[in-house]
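Participant: how does the following fold in three dimensions:
(one chain, ligands or ions: 1)
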Amino acid sequence: MSGPLSDTGHVLVIANPTAGSARGPLLAAVRDACAAHAESELHITTAKGDATESVQRALAERRPPDLVVVVGGDGTVREVVEGMAGTSTATLLVVPGGTGNSVYRMLWGERPWAEAVRAVFTGQAARRRLDLARLAETGATVCLGACSGVVAEALDYARRTPLSGRARYAKALADACSAHKPYPGRVTVDGKVLFEGDTVLANVGGGRYRGGQYLLLPLSELTDGLLDVCVVSGQVEPERVPELIRSGGHLGEPGVYYGRGSRIRVERTDGETLVFEHDGELIADTAASMTLRVAPGALPVWADPAIAAGPAW
Ligand SMILES: Nc1ncnc2c1ncn2[C@@H]1O[C@H](COP(=O)(O)OP(=O)(O)OP(=O)(O)O)[C@@H](O)[C@H]1O
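Facilitator: The predicted structure is shown next:
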(Lines give C-alpha, C1' and ligand atoms only; values in the text may rest on other atoms or scores of the structure.)
Protein backbone atom coordinates (compact mmCIF):
# COMPACT_ATOMS: atom_id res chain seq x y z
CA MET A 1 0.00 0.00 0.00
CA SER A 2 1.04 3.59 -0.54
CA GLY A 3 0.45 6.65 1.61
CA PRO A 4 -2.79 8.57 1.25
CA LEU A 5 -3.05 11.31 -1.32
CA SER A 6 -1.97 14.47 0.45
CA ASP A 7 -4.69 16.70 1.90
CA THR A 8 -3.28 19.49 -0.22
CA GLY A 9 -3.54 17.37 -3.38
CA HIS A 10 -5.11 18.63 -6.54
CA VAL A 11 -7.60 16.40 -8.36
CA LEU A 12 -8.86 16.52 -11.92
CA VAL A 13 -12.06 14.53 -12.55
CA ILE A 14 -12.71 13.86 -16.25
CA ALA A 15 -16.12 12.44 -17.09
CA ASN A 16 -17.73 11.29 -20.32
CA PRO A 17 -21.47 12.02 -20.00
CA THR A 18 -22.25 9.84 -23.04
CA ALA A 19 -20.63 6.67 -21.63
CA GLY A 20 -22.95 3.77 -20.75
CA SER A 21 -23.66 4.58 -17.09
CA ALA A 22 -22.07 8.01 -16.47
CA ARG A 23 -25.23 9.90 -15.56
CA GLY A 24 -25.34 13.30 -13.79
CA PRO A 25 -25.82 11.93 -10.24
CA LEU A 26 -22.75 9.69 -10.61
CA LEU A 27 -20.61 12.58 -11.86
CA ALA A 28 -21.72 14.82 -8.98
CA ALA A 29 -21.16 12.05 -6.43
CA VAL A 30 -17.61 11.41 -7.66
CA ARG A 31 -16.78 15.11 -7.68
CA ASP A 32 -18.15 15.49 -4.12
CA ALA A 33 -16.30 12.40 -2.88
CA CYS A 34 -13.00 13.86 -4.15
CA ALA A 35 -13.78 17.41 -3.01
CA ALA A 36 -14.21 16.12 0.55
CA HIS A 37 -10.46 15.38 0.57
CA ALA A 38 -8.76 17.68 -1.92
CA GLU A 39 -9.20 20.61 -4.26
CA SER A 40 -11.11 19.09 -7.17
CA GLU A 41 -12.03 20.22 -10.61
CA LEU A 42 -14.59 18.47 -12.86
CA HIS A 43 -14.21 18.46 -16.62
CA ILE A 44 -17.11 17.01 -18.62
CA THR A 45 -16.01 15.93 -22.07
CA THR A 46 -17.71 17.48 -25.06
CA ALA A 47 -16.56 15.18 -27.86
CA LYS A 48 -14.47 12.15 -28.74
CA GLY A 49 -10.79 12.99 -28.14
CA ASP A 50 -11.55 15.77 -25.65
CA ALA A 51 -10.42 13.66 -22.67
CA THR A 52 -6.91 13.24 -24.14
CA GLU A 53 -6.51 16.95 -24.86
CA SER A 54 -7.92 18.02 -21.48
CA VAL A 55 -5.61 15.83 -19.47
CA GLN A 56 -2.58 16.89 -21.53
CA ARG A 57 -3.48 20.54 -20.98
CA ALA A 58 -3.95 20.04 -17.23
CA LEU A 59 -0.65 18.18 -16.86
CA ALA A 60 1.20 21.01 -18.62
CA GLU A 61 -0.14 23.64 -16.20
CA ARG A 62 1.98 25.26 -13.50
CA ARG A 63 0.10 23.29 -10.86
CA PRO A 64 -0.74 19.95 -12.47
CA PRO A 65 -3.11 17.46 -10.78
CA ASP A 66 -1.65 14.74 -8.53
CA LEU A 67 -4.67 12.58 -9.17
CA VAL A 68 -6.64 12.18 -12.39
CA VAL A 69 -10.02 10.50 -11.89
CA VAL A 70 -11.73 9.24 -15.04
CA VAL A 71 -15.46 8.53 -14.97
CA GLY A 72 -16.43 6.55 -18.04
CA GLY A 73 -15.96 3.25 -19.75
CA ASP A 74 -12.93 1.63 -21.34
CA GLY A 75 -12.88 3.99 -24.34
CA THR A 76 -12.77 7.06 -22.12
CA VAL A 77 -10.14 5.49 -19.88
CA ARG A 78 -8.01 4.86 -22.98
CA GLU A 79 -8.31 8.49 -24.05
CA VAL A 80 -7.19 9.71 -20.62
CA VAL A 81 -4.36 7.18 -20.58
CA GLU A 82 -3.21 8.44 -23.99
CA GLY A 83 -2.97 11.92 -22.47
CA MET A 84 -1.12 10.69 -19.36
CA ALA A 85 1.30 8.19 -20.91
CA GLY A 86 4.90 9.18 -20.40
CA THR A 87 4.17 11.45 -17.44
CA SER A 88 4.81 10.45 -13.86
CA THR A 89 3.46 13.41 -11.92
CA ALA A 90 -0.14 12.19 -11.66
CA THR A 91 -1.72 8.85 -10.81
CA LEU A 92 -4.91 7.58 -12.45
CA LEU A 93 -8.02 6.42 -10.60
CA VAL A 94 -10.75 4.78 -12.69
CA VAL A 95 -14.43 5.09 -11.72
CA PRO A 96 -16.74 2.81 -13.73
CA GLY A 97 -19.18 4.86 -15.80
CA GLY A 98 -19.31 2.86 -19.00
CA THR A 99 -20.85 -0.36 -20.28
CA GLY A 100 -18.25 -3.11 -19.83
CA ASN A 101 -15.90 -1.27 -17.43
CA SER A 102 -13.21 -3.92 -17.87
CA VAL A 103 -10.35 -1.62 -16.80
CA TYR A 104 -12.11 -0.89 -13.51
CA ARG A 105 -12.63 -4.63 -12.95
CA MET A 106 -8.97 -5.29 -13.75
CA LEU A 107 -7.87 -2.82 -11.04
CA TRP A 108 -10.60 -3.04 -8.38
CA GLY A 109 -12.58 -6.25 -9.05
CA GLU A 110 -16.26 -5.89 -8.13
CA ARG A 111 -15.71 -3.36 -5.31
CA PRO A 112 -18.08 -0.36 -5.39
CA TRP A 113 -16.40 2.77 -6.78
CA ALA A 114 -16.95 4.76 -3.57
CA GLU A 115 -14.72 2.28 -1.72
CA ALA A 116 -12.00 2.75 -4.31
CA VAL A 117 -12.11 6.54 -3.92
CA ARG A 118 -12.04 6.23 -0.13
CA ALA A 119 -9.12 3.79 -0.30
CA VAL A 120 -7.03 6.28 -2.32
CA PHE A 121 -7.58 9.08 0.17
CA THR A 122 -7.05 6.94 3.28
CA GLY A 123 -3.89 5.07 2.31
CA GLN A 124 -5.66 1.76 1.63
CA ALA A 125 -4.96 1.67 -2.11
CA ALA A 126 -1.89 0.44 -3.98
CA ARG A 127 -0.06 2.68 -6.42
CA ARG A 128 1.26 0.62 -9.32
CA ARG A 129 2.97 1.20 -12.64
CA LEU A 130 0.68 -0.49 -15.13
CA ASP A 131 2.04 -2.01 -18.33
CA LEU A 132 0.53 -0.50 -21.47
CA ALA A 133 1.04 -1.34 -25.15
CA ARG A 134 1.56 0.67 -28.31
CA LEU A 135 -0.07 -0.31 -31.57
CA ALA A 136 2.74 0.01 -34.12
CA GLU A 137 0.47 0.68 -37.12
CA THR A 138 -1.38 3.67 -35.61
CA GLY A 139 0.87 4.79 -32.74
CA ALA A 140 -2.11 4.55 -30.35
CA THR A 141 -1.68 3.68 -26.70
CA VAL A 142 -3.51 0.49 -25.72
CA CYS A 143 -4.65 0.16 -22.10
CA LEU A 144 -7.10 -2.73 -21.77
CA GLY A 145 -6.09 -4.86 -24.73
CA ALA A 146 -6.73 -5.61 -28.37
CA CYS A 147 -8.52 -8.42 -30.15
CA SER A 148 -9.11 -9.73 -33.66
CA GLY A 149 -11.95 -11.88 -34.96
CA VAL A 150 -15.15 -12.53 -33.10
CA VAL A 151 -14.59 -10.09 -30.20
CA ALA A 152 -14.00 -7.24 -32.67
CA GLU A 153 -17.02 -8.34 -34.73
CA ALA A 154 -19.16 -8.26 -31.57
CA LEU A 155 -18.70 -4.48 -31.30
CA ASP A 156 -20.84 -4.02 -34.40
CA TYR A 157 -23.59 -6.19 -32.88
CA ALA A 158 -23.33 -4.20 -29.62
CA ARG A 159 -24.24 -1.00 -31.46
CA ARG A 160 -27.46 -2.63 -32.64
CA THR A 161 -28.68 -4.05 -29.32
CA PRO A 162 -30.96 -1.97 -27.06
CA LEU A 163 -29.63 -3.69 -23.91
CA SER A 164 -27.35 -1.87 -21.49
CA GLY A 165 -24.49 -2.81 -19.18
CA ARG A 166 -22.72 -6.15 -19.44
CA ALA A 167 -25.87 -7.79 -20.87
CA ARG A 168 -25.27 -5.72 -24.00
CA TYR A 169 -21.89 -7.32 -24.63
CA ALA A 170 -23.18 -10.78 -23.67
CA LYS A 171 -25.88 -10.55 -26.35
CA ALA A 172 -23.48 -9.00 -28.89
CA LEU A 173 -20.86 -11.72 -28.40
CA ALA A 174 -23.44 -14.51 -28.63
CA ASP A 175 -24.77 -13.01 -31.90
CA ALA A 176 -21.27 -12.53 -33.32
CA CYS A 177 -20.32 -16.12 -32.40
CA SER A 178 -23.39 -17.59 -34.15
CA ALA A 179 -22.48 -15.79 -37.37
CA HIS A 180 -18.70 -16.15 -37.13
CA LYS A 181 -16.49 -17.77 -39.77
CA PRO A 182 -12.91 -18.35 -38.54
CA TYR A 183 -10.26 -16.47 -40.55
CA PRO A 184 -6.84 -17.74 -41.69
CA GLY A 185 -4.39 -16.19 -39.26
CA ARG A 186 -1.01 -16.26 -37.59
CA VAL A 187 0.11 -14.98 -34.19
CA THR A 188 3.79 -14.33 -33.53
CA VAL A 189 5.29 -13.68 -30.09
CA ASP A 190 8.76 -12.08 -30.05
CA GLY A 191 9.41 -13.43 -33.55
CA LYS A 192 8.26 -17.01 -32.84
CA VAL A 193 5.00 -18.35 -34.27
CA LEU A 194 2.59 -19.24 -31.45
CA PHE A 195 -0.20 -20.34 -33.78
CA GLU A 196 -1.01 -20.46 -37.48
CA GLY A 197 -4.33 -21.59 -38.94
CA ASP A 198 -8.05 -20.94 -38.69
CA THR A 199 -8.62 -18.37 -35.97
CA VAL A 200 -11.74 -17.36 -34.04
CA LEU A 201 -9.97 -14.67 -32.00
CA ALA A 202 -6.53 -13.52 -30.88
CA ASN A 203 -6.66 -11.34 -27.77
CA VAL A 204 -3.64 -9.38 -26.52
CA GLY A 205 -3.39 -7.55 -23.18
CA GLY A 206 -3.29 -6.19 -20.63
CA GLY A 207 -6.54 -6.61 -18.94
CA ARG A 208 -7.74 -10.01 -17.82
CA TYR A 209 -11.37 -9.24 -18.63
CA ARG A 210 -13.07 -8.10 -21.82
CA GLY A 211 -16.67 -6.89 -22.02
CA GLY A 212 -16.53 -6.64 -18.21
CA GLN A 213 -17.20 -10.39 -17.87
CA TYR A 214 -15.02 -12.56 -20.12
CA LEU A 215 -11.85 -13.79 -18.46
CA LEU A 216 -9.85 -14.03 -21.68
CA LEU A 217 -6.39 -13.57 -20.12
CA PRO A 218 -6.69 -15.15 -16.67
CA LEU A 219 -2.90 -15.40 -16.27
CA SER A 220 -2.11 -11.78 -17.12
CA GLU A 221 0.03 -9.93 -14.57
CA LEU A 222 -0.56 -6.20 -14.77
CA THR A 223 2.97 -5.08 -13.92
CA ASP A 224 5.27 -7.84 -15.22
CA GLY A 225 6.53 -5.84 -18.21
CA LEU A 226 5.05 -8.33 -20.68
CA LEU A 227 1.95 -8.78 -22.82
CA ASP A 228 -0.18 -11.93 -22.74
CA VAL A 229 -1.91 -13.35 -25.78
CA CYS A 230 -4.62 -15.96 -26.12
CA VAL A 231 -5.63 -17.50 -29.43
CA VAL A 232 -8.86 -19.45 -29.81
CA SER A 233 -8.46 -21.44 -33.00
CA GLY A 234 -11.10 -22.75 -35.38
CA GLN A 235 -10.80 -26.12 -33.63
CA VAL A 236 -13.15 -24.62 -31.02
CA GLU A 237 -16.78 -24.27 -32.11
CA PRO A 238 -17.41 -20.47 -32.08
CA GLU A 239 -20.77 -20.94 -30.33
CA ARG A 240 -18.96 -22.44 -27.31
CA VAL A 241 -16.68 -19.42 -26.95
CA PRO A 242 -18.83 -17.20 -24.65
CA GLU A 243 -19.38 -19.98 -22.11
CA LEU A 244 -15.70 -21.04 -22.21
CA ILE A 245 -14.20 -17.57 -21.82
CA ARG A 246 -16.63 -16.45 -19.12
CA SER A 247 -14.81 -18.56 -16.52
CA GLY A 248 -11.35 -18.73 -18.09
CA GLY A 249 -12.04 -22.44 -18.75
CA HIS A 250 -10.91 -22.06 -22.37
CA LEU A 251 -7.27 -22.42 -21.31
CA GLY A 252 -7.60 -26.16 -20.87
CA GLU A 253 -9.34 -26.68 -24.23
CA PRO A 254 -7.64 -28.27 -27.24
CA GLY A 255 -7.21 -25.59 -29.90
CA VAL A 256 -6.51 -22.74 -27.44
CA TYR A 257 -3.00 -21.25 -27.36
CA TYR A 258 -1.52 -18.89 -24.75
CA GLY A 259 1.73 -16.94 -24.87
CA ARG A 260 3.57 -14.03 -23.31
CA GLY A 261 6.13 -11.61 -24.70
CA SER A 262 7.13 -8.04 -25.52
CA ARG A 263 6.07 -7.85 -29.14
CA ILE A 264 2.96 -9.59 -30.45
CA ARG A 265 1.89 -9.64 -34.05
CA VAL A 266 -1.62 -10.65 -35.10
CA GLU A 267 -2.00 -11.34 -38.83
CA ARG A 268 -4.51 -12.42 -41.39
CA THR A 269 -2.72 -14.58 -43.95
CA ASP A 270 -5.05 -14.44 -46.96
CA GLY A 271 -4.40 -10.75 -47.73
CA GLU A 272 -7.81 -9.60 -46.50
CA THR A 273 -7.98 -6.92 -43.80
CA LEU A 274 -8.05 -8.04 -40.22
CA VAL A 275 -11.14 -7.17 -38.14
CA PHE A 276 -9.47 -5.64 -35.09
CA GLU A 277 -10.31 -3.56 -32.05
CA HIS A 278 -8.54 -2.17 -29.04
CA ASP A 279 -10.03 -0.86 -25.80
CA GLY A 280 -13.51 -1.61 -27.11
CA GLU A 281 -13.18 0.53 -30.26
CA LEU A 282 -13.09 -0.98 -33.75
CA ILE A 283 -10.12 0.16 -35.83
CA ALA A 284 -11.37 1.53 -39.11
CA ASP A 285 -8.24 1.30 -41.26
CA THR A 286 -6.70 -2.01 -40.31
CA ALA A 287 -4.06 -3.69 -42.41
CA ALA A 288 -3.57 -7.44 -42.75
CA SER A 289 -1.47 -7.39 -39.60
CA MET A 290 -1.36 -5.44 -36.34
CA THR A 291 1.60 -5.35 -33.94
CA LEU A 292 1.58 -4.53 -30.25
CA ARG A 293 4.72 -3.62 -28.32
CA VAL A 294 4.70 -3.50 -24.55
CA ALA A 295 5.32 -0.18 -22.80
CA PRO A 296 6.40 -1.55 -19.41
CA GLY A 297 5.15 0.31 -16.35
CA ALA A 298 4.06 3.28 -18.46
CA LEU A 299 1.08 4.37 -16.37
CA PRO A 300 0.85 5.16 -12.64
CA VAL A 301 -2.51 3.86 -11.37
CA TRP A 302 -4.33 3.30 -8.10
CA ALA A 303 -5.55 -0.26 -7.56
CA ASP A 304 -6.80 -2.70 -4.97
CA PRO A 305 -3.65 -4.09 -3.28
CA ALA A 306 -5.08 -7.62 -3.36
CA ILE A 307 -5.66 -7.52 -7.12
CA ALA A 308 -2.69 -5.71 -8.58
CA ALA A 309 0.33 -7.48 -7.11
CA GLY A 310 3.64 -5.83 -7.82
CA PRO A 311 6.18 -3.47 -6.36
CA ALA A 312 4.84 -0.25 -4.81
CA TRP A 313 6.70 2.92 -5.74
N1 LIG B 1 -18.78 14.13 -24.87
C2 LIG B 1 -18.67 13.11 -25.71
N3 LIG B 1 -19.52 12.97 -26.74
C4 LIG B 1 -19.46 11.91 -27.57
N5 LIG B 1 -18.55 10.90 -27.44
C6 LIG B 1 -17.67 11.00 -26.43
C7 LIG B 1 -17.67 12.10 -25.52
N8 LIG B 1 -16.68 11.92 -24.62
C9 LIG B 1 -16.07 10.75 -24.96
N10 LIG B 1 -16.66 10.20 -26.04
C11 LIG B 1 -16.39 8.89 -26.69
O12 LIG B 1 -17.39 7.96 -26.21
C13 LIG B 1 -16.92 6.67 -26.52
C14 LIG B 1 -17.58 5.64 -25.63
O15 LIG B 1 -17.19 5.83 -24.32
P16 LIG B 1 -16.79 4.63 -23.35
O17 LIG B 1 -16.08 3.56 -24.08
O18 LIG B 1 -16.11 5.23 -22.19
O19 LIG B 1 -18.22 4.11 -22.86
P20 LIG B 1 -18.92 2.70 -23.08
O21 LIG B 1 -18.73 2.23 -24.49
O22 LIG B 1 -20.30 2.86 -22.55
O23 LIG B 1 -18.14 1.78 -22.05
P24 LIG B 1 -17.17 0.46 -22.21
O25 LIG B 1 -16.09 0.83 -23.20
O26 LIG B 1 -16.63 0.23 -20.83
O27 LIG B 1 -18.04 -0.64 -22.69
C28 LIG B 1 -15.42 6.76 -26.41
O29 LIG B 1 -14.86 6.26 -27.59
C30 LIG B 1 -15.10 8.24 -26.29
O31 LIG B 1 -14.12 8.64 -27.22
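Participant: what about residue 136, how many residues nearby?
Facilitator: For residue 136, the tally of surrounding residues (other CB atoms under 10 Å) stands at 14. Just so you know, the C-beta spots here come from the backbone N, C-alpha and C atoms, and that holds for glycine as well.
Participant: could you grab the helix/strand/coil label for the closest residue in space to it that isn't next to it in sequence?
Facilitator: In this structure, residue 136 finds its nearest non-sequential neighbour in residue 291, 4.1 Å apart by CB to CB, 6 or more residues apart in numbering. Using DSSP: H, G, I helix; E, B strand; the rest coil, the structure places residue 291 in strand.
Participant: and residue 291, how far is that from the ligand?
Facilitator: According to CB to the nearest ligand atom, to the nearest Å, residue 291 and the ligand sit 22 Å apart.
Participant: please name the bridge partners of that residue.
Facilitator: Beta-bridge partners recorded for residue 291 (DSSP bridges): residue 265.
Participant: just the one 10 residues further on next, same as before
Facilitator: Taking DSSP bridges, one obtains residue 92, residue 128 as the residues bridged to residue 301.
Participant: against residue 103, how distant is it?
Facilitator: 9 Å (CB to CB, to the nearest Å).
Participant: same question, residue 221
Facilitator: In terms of CB to CB, residue 221 sits 16 Å off from residue 103.
Participant: thinking again about what came up before, just the pLDDT for the residue nearest to residue 136.
Facilitator: At residue 291, the model reports a pLDDT of 97.
Participant: ok, it touching residue 138?
Facilitator: No. In this structure, residue 291 is not within contact of residue 138 by CB atoms under 8 Å, at 10.4 Å.
Participant: how does the protein divide into domains?
Facilitator: 10-124, 141-297 (automatic domain parsing).
Participant: I'd assumed residue 112 was in contact with residue 95.
Facilitator: No. The criterion here is CB under 8 Å, and residue 95 misses it with residue 112 at 10.2 Å.
Participant: neighbours of the residue in the stretch 1-150 of the chain that the ligand sits nearest to, how many?
Facilitator: Closest residue of the stretch 1-150 of the chain to the ligand, CB to the nearest ligand atom: residue 73 (2.0 Å). Neighbour count for residue 73, taken as other CB under 10 Å: 28.
Participant: SS state for the nearest residue to residue 164 once chain neighbours are set aside?
Facilitator: Here the nearest residue to residue 164 in space, its sequence neighbours aside, is residue 20; by CB to CB, 6+ apart that works out to 6.2 Å. With three-state DSSP as the basis, the three-state label of residue 20 is coil.
Participant: say whether the ligand is contacted by the lengthiest helix in the chain.
Facilitator: Across the chain, the longest stretch assigned as helix under DSSP state H is helix 165-179. No. Helix 165-179 is not in contact with the ligand by CB under 6 Å from any ligand atom; minimum separation 7.0 Å.
Participant: and stretch 211-223, which residues are buried?
Facilitator: 211-218, 220, 222-223 (16 or more other CB atoms under 10 Å).
Participant: with distance to the ligand and secondary structure added, can I get these in TSV?
Facilitator: Listed next are the buried residues of stretch 211-223 as TSV, based on distance: CB to the nearest ligand atom, whole Å; DSSP: H, G, I helix; E, B strand; the rest coil:
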residue	distance to the ligand	secondary structure
211	7	coil
212	7	coil
213	11	coil
214	12	strand
215	16	strand
216	15	coil
217	17	coil
218	20	coil
220	18	coil
222	18	coil
223	22	coil
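Participant: same list (those residues) but as JSON lines, adding pLDDT.
Facilitator: Below are the buried residues of stretch 211-223 laid out as JSON lines (pLDDT from 0 to 100):
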{"residue": "211", "pLDDT": "95"}
{"residue": "212", "pLDDT": "95"}
{"residue": "213", "pLDDT": "96"}
{"residue": "214", "pLDDT": "97"}
{"residue": "215", "pLDDT": "96"}
{"residue": "216", "pLDDT": "96"}
{"residue": "217", "pLDDT": "97"}
{"residue": "218", "pLDDT": "94"}
{"residue": "220", "pLDDT": "95"}
{"residue": "222", "pLDDT": "93"}
{"residue": "223", "pLDDT": "93"}
